[in-house]
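A.B. asks: sequence plus the predicted model coming up.
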Amino acid sequence: MADWWQLSVGTLKGVGPAKSRQLSKLNIFTVGDVINMVPVSDKYQDRRNFKKIEQLQDSCLELFSATVVSSSDLRTKNRLTLSKLLVQDDTGQAEIVWFNQKYRARQYKVGMKVVIAGKVKRQYNMIQIHNAQVDSVNNDGPKFYGCIVPVYPATESISQDFLRNLVKQALDGCTVISETIPVEIINKFVLISRKEALINLHFPQDWDMLNKARQRLVFEELFFLQCLLLITKKKHQACNMGIKHAIDGRLMQSALGQLPYQLTADQLIALQEIKLDMESKMSMQRLLQGDVGSGKTVVAGLALIKTVENGFQGAIMAPTEILAEQHYHTLSRLFACLGIRFALLTGGLAKTARSELLKSIACGSVDIIIGTHAILQQDVVFKNLGLVVTDEQHRFGVRQRALFQNKGISPDVLVMTATPIPRTMTLTVYGDLDVSQIKSLPPGRKPVRTLKYSTSRRKDIYDGVLRQLAQGRQAFVVCPLVEDSELIRAESATTMYSLLTENYLMGVPCGLLHGKLSQQQKDKVMRDFCDGTIKVLISTTVIEVGINVPNATIMIIEGADRFGLAQLHQLRGRVGRGEHESYCVLITDSDNEDTRQRLDYLAKYNDGFILAEKDLLIRGPGQLFGTRQHGLPDLRIADIIKDTAILIKARQAAKDILNDPQQIKQVLPGIALHFGNNYAAILNS
């Protein structure tokens, strides 16, 4: 079998040098690539039942056969090219229309018998099908009829029937299709054989067998992905024997006992998971995710105290100076009575002060260091680093996080994010990390009321802001652009600053903040806002993360249609941090359906984890977190949005099989088959 699969695609009948070049554009080079080609999941054609033209239903996907009457190409007023094919049967006529595919209709000669599949649109007393799939019927009769047929991703130069013939040849010539998944897994999860699955993926007996085929192949792909992630994790643990912290002593007990509030159930669970990792001899690699305001910082602070109690130093790296300063003030005040020595290391530190601080870090006279990227510089040397915490981990690259970790000898690693990650993404993108979640908010936190208005209500909106200011509150105004652009129709912070200070908010102390300001200018504006000197901060998304101003009770988002769902939720999280009721106002004139759905979700849900799932549905997994930066292989057939249930089963199966060290080598060929020899070689090294 292996030899047949590895043969060049040119071995198959009808594939010469020209077709080989065309197939290479579809990443098809071998017979195995042909067999592994995945049809478009929602475009299979049921060619068992044809309709007459008069029976075609408006807005429905339909299948019918007809004869070509004429073809033409037209130019519209807005310079679009319309390629039209007129067809008929004994009940009527229909028009097939392609946009900007010049001469597409002329491929079909008058009198030719064709089969058409597509969505029907009845207009102008004519039945139209836009961008339909049209196949010619040979004189010998159609080859793929009376059955369910696949539709493949294709190019203009390669027809669907050509690909179907190619797959049929490849499968017919493959005498043996070996199993890849251990037999006990196949039996436990009631999966059909790999041979049955591949045959029915391409040429299903019926819809039920197609569903079983897809489930088997999705399970297989996700099973080997989870094996890859879990073996990677095991190898990391084996190569990184970490620090074995002792169980809690007096310092930890004192820290917990003097907290001014009770930890939530989620915080307690997350803290316990972190402590158990730290008490293990393996180096901790844990992701702590929680919604904005859920209390991740205090959990991380307690973990840092645990490492100090064991004689080590701890460090937190934050993406901005403002956030680093807030962590420093929060933690040093919270644990002031414990005698722990905190220090703040940022790029703005004076040269002499920095030099003295570096000496203190190197000799171990500082216990917990909180800093920005400045903490990564080569001259920052720790005496005995036991725990590193990266806050807002998505703001740092893989290399930066590695540099931070390498400041110690196998320190425990905790990465935090306030951008909730859907479970499906967590099991894939972060499948090699242990995950803790804090979903519940601390008692007393009120949900932020979210409202949506058009620009015609702008005066009313800012009158509402003035009422909040009169009560002593503060406000954010966020814009999508720094300055006006000829290319993008959207509100800019600079123009909005002028509009507000000269009109709606005249006489109100306002501040302007955006990425083009120097770091010193940004810091001054933020400090003035934090201490209440500035009442309204007009900004771009530089305030998306890490700004804690409990007195701010209203967030105005101008041009809300220009922001993603996760980003809008992060911006909303800047308010609602104090005891007063808070509001988020979305301003947009967009009537786009996706925009409406996105903003409706935000108005309906305050739970970031629910919104993350909705965002995944809207945007898809490829855009949400940039999975390529994590070095993950591509998935051919699995869809982590639709296949969550299978993903969870596949992960459990991978865990079960990898509990036996003898089984690890058995899954390496499957990993190589799905993701390439490089991955298997790395794991086998």
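C.D. replies: Ah, there it is.

A.B. asks: please pull out the lowest mean pLDDT helix or strand from the protein.
C.D. replies: Lowest on mean pLDDT, DSSP states H and E among the helices and strands of the chain sits helix 621-624, with a mean of 47.

A.B. asks: in the next helix or strand after it, which residues are buried?
C.D. replies: Sequence order places helix 644-658 as the next helix or strand after helix 621-624, per DSSP states H and E. Using 16 or more other Cβ atoms under 10 Å as the burial criterion, the residues of helix 644-658 that qualify are 644, 646-647, 649-651, 653-654, 657-658. The way it works is simple: take the backbone N, C-alpha and C, and place the C-beta from them, glycine included.

A.B. asks: stretch 47-60 too?
C.D. replies: 47, 51, 53, 56.

A.B. asks: output the helix or strand where residue 610 lies as CSV - backbone C-alpha positions only.
C.D. replies: Per DSSP H and E, residue 610 falls inside helix 608-619. What follows is helix 608-619, C-alpha atoms only, in CSV (Å, rounded to 0.1, in the frame of the first residue of the first chain):
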residue,chain,number,x,y,z
GLY,A,608,-16.3,36.6,28.2
PHE,A,609,-16.2,32.8,27.8
ILE,A,610,-19.6,32.8,26.0
LEU,A,611,-18.5,35.7,23.8
ALA,A,612,-15.3,33.8,23.0
GLU,A,613,-17.4,30.9,21.7
LYS,A,614,-19.6,33.3,19.7
ASP,A,615,-16.5,35.0,18.3
LEU,A,616,-15.1,31.6,17.2
LEU,A,617,-18.4,30.9,15.4
ILE,A,618,-18.3,34.3,13.6
ARG,A,619,-14.7,34.5,12.7
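
A.B. asks: for it, what is the average pLDDT?
C.D. replies: Taken as a whole, helix 608-619 has a mean pLDDT of 76.

A.B. asks: same question, stretch 45-57
C.D. replies: Mean pLDDT, computed over stretch 45-57, is 87.

A.B. asks: returning to what we had before: and the helix holding residue 610, what does it pack onto?
C.D. replies: Using 3 or more Cβ pairs under 8 Å, 6 or more residues apart in numbering; DSSP states H and E, the elements in contact with helix 608-619 are helix 423-429, helix 565-572, helix 593-604.

A.B. asks: quick one: mean pLDDT for the shortest one?
C.D. replies: It refers to helix 423-429. Per-residue scores along helix 423-429 average to 65.

A.B. asks: that older thread, and the helices and strands packed on helix 608-619: which comes nearest residue 90?
C.D. replies: Among those, the nearest to residue 90 by Cβ to Cβ is helix 593-604 (39.6 Å).

A.B. asks: tell me how far the closest one lies from the chain's centre.
C.D. replies: With Cα atoms, centre = their mean, to the nearest Å as the basis, helix 593-604 stands 18 Å off its chain's centre.

A.B. asks: quick one: average pLDDT of that helix?
C.D. replies: For helix 593-604, the per-residue pLDDT averages 88.

A.B. asks: what residues are up against residue 416?
C.D. replies: Shown in contact with residue 416 (Cβ atoms under 8 Å, 6 or more residues apart in numbering): 287-290, 296, 300, 389-393.

A.B. asks: just those now: which is nearest residue 181?
C.D. replies: Checking the contacts of residue 416 against residue 181 with Cβ to Cβ, the nearest one is residue 287 at 28.5 Å.

A.B. asks: quick check: the closest one touching residue 419?
C.D. replies: No: using Cβ atoms under 8 Å, residue 287 makes no contact with residue 419, being 11.3 Å away.

A.B. asks: more neighbours: these two, which one.
C.D. replies: A direct count of neighbours by other Cβ atoms under 10 Å for residue 287 and residue 419 places residue 419 higher, at 24 against 21.

A.B. asks: may I ask which two of the buried residues of stretch 47-60 are separated the most?
C.D. replies: Spanning the widest gap among the buried residues of stretch 47-60 are 47 and 53, at 16.6 Å by Cβ to Cβ.

A.B. asks: ok, residue 66 to residue 108 distance?
C.D. replies: 10 Å (Cβ to Cβ, to the nearest Å).

A.B. asks: neighbour count winner among those two?
C.D. replies: residue 66 (25 against 19).

A.B. asks: tell me the secondary structure for the more buried one?
C.D. replies: Here residue 66 is recorded as strand under DSSP: H, G, I helix; E, B strand; the rest coil.

A.B. asks: on that earlier part again, what touches both of residue 66 and residue 108?
C.D. replies: residue 114.

A.B. asks: tell me which element residue 304 falls in.
C.D. replies: Assigned by DSSP H and E, residue 304 falls in helix 296-309.

A.B. asks: same for that helix, what does it pack against?
C.D. replies: Here helix 296-309 touches helix 250-257, helix 265-279, strand 285-290, strand 313-317, helix 321-334, strand 368-371, strand 385-390, strand 412-417, going by 3+ Cβ pairs under 8 Å, 6+ apart.

A.B. asks: between these, which gets nearest to residue 242?
C.D. replies: Closest among the helices and strands packed on helix 296-309, once you apply Cβ to Cβ, is strand 412-417, at 5.9 Å.

A.B. asks: give me the sheet partners of the closest one and which way each runs.
C.D. replies: Here strand 412-417 is paired, per DSSP bridges, with strand 285-290 (parallel), strand 385-390 (parallel).

A.B. asks: any chance of those strands in TSV, plus mean pLDDT?
C.D. replies: Below are those laid out as TSV (pLDDT from 0 to 100):
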stretch	mean pLDDT
strand 285-290	87
strand 385-390	94
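
A.B. asks: point out the most buried one among those.
C.D. replies: strand 385-390 (a mean of 26; mean count of other Cβ atoms under 10 Å).

A.B. asks: other residues contacting that one?
C.D. replies: Counting by Cβ under 8 Å, 6+ apart, 243, 245, 278, 284, 300, 303-304, 306-308, 310-317, 396, 401, 404-405, 407-409, 411-416 sit against strand 385-390.

A.B. asks: good, we can wrap up now.
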